[in-house]
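Asks: Pasted the sequence and its predicted model underneath.
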Amino acid sequence: GIHIGYGGCLTVDNLHDELRRIAATVDDPRRPVWVDLEAGLRSQGPGKHDEFDLGKVWACIRIIFDLGLPRPRPSYAAR
């Protein structure tokens, strides 16, 4: 089947609303959807250069689980 994904500009700040929009658009709880969050999971600060931020990762995981969206069972194609 056709895989559906979303990439670009996703961050901890907008992930909740964007996942709701994506789920409403896909409208099929059996259909896996991927999102690309890499840039939105990075931080910069004094003396730091573009670091992967585990705090943002955990915040995104919490958002995903708190939304309670249906999670499809993994398929052999996803392994």
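Replies: Sure thing, it's come through.

Asks: what bridges to residue 42?
Replies: Residue 42 has these beta-bridge partners by DSSP bridges: residue 52.

Asks: list the contacts for it?
Replies: 50, 51, 52, 53, 56 (CB atoms under 8 Å, 6 or more residues apart in numbering). Every C-beta, even on glycine, is put in place using the N, C-alpha and C of the backbone.

Asks: For residue 49, see how far away it is.
Replies: Per CB to CB, to the nearest Å, residue 42 is found 10 Å from residue 49.

Asks: cool, and residue 21?
Replies: Following CB to CB, the distance that separates residue 21 from residue 49 is 32 Å.

Asks: which one of the two has more residues nearby?
Replies: Between residue 21 and residue 49, counting by other CB atoms under 10 Å, residue 21 is the more crowded of the two (11 against 7).

Asks: and stretch 4-24, how far out from the chain's middle?
Replies: Stretch 4-24 sits 6 Å away from the centroid of its parent chain (CA atoms, centre = their mean, to the nearest Å).

Asks: buried subset of the contacts of residue 42?
Replies: 53, 56 (16 or more other CB atoms under 10 Å).

Asks: Make CSV out of the contacts of residue 42 and add distance to residue 35 and pLDDT.
Replies: Output for these, formatted as CSV (distance: CB to CB, whole Å; pLDDT from 0 to 100):
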residue, distance to residue 35, pLDDT
50, 20, 86
51, 21, 89
52, 16, 90
53, 17, 92
56, 14, 94
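
Asks: So which residue is smack in the middle of this structure?
Replies: In the chain, the centroid-proximal residue (CA atoms, centre = their mean) is residue 35; its distance is 4.5 Å.

Asks: How about the secondary structure of that residue?
Replies: With DSSP: H, G, I helix; E, B strand; the rest coil as the basis, residue 35 sits in strand.
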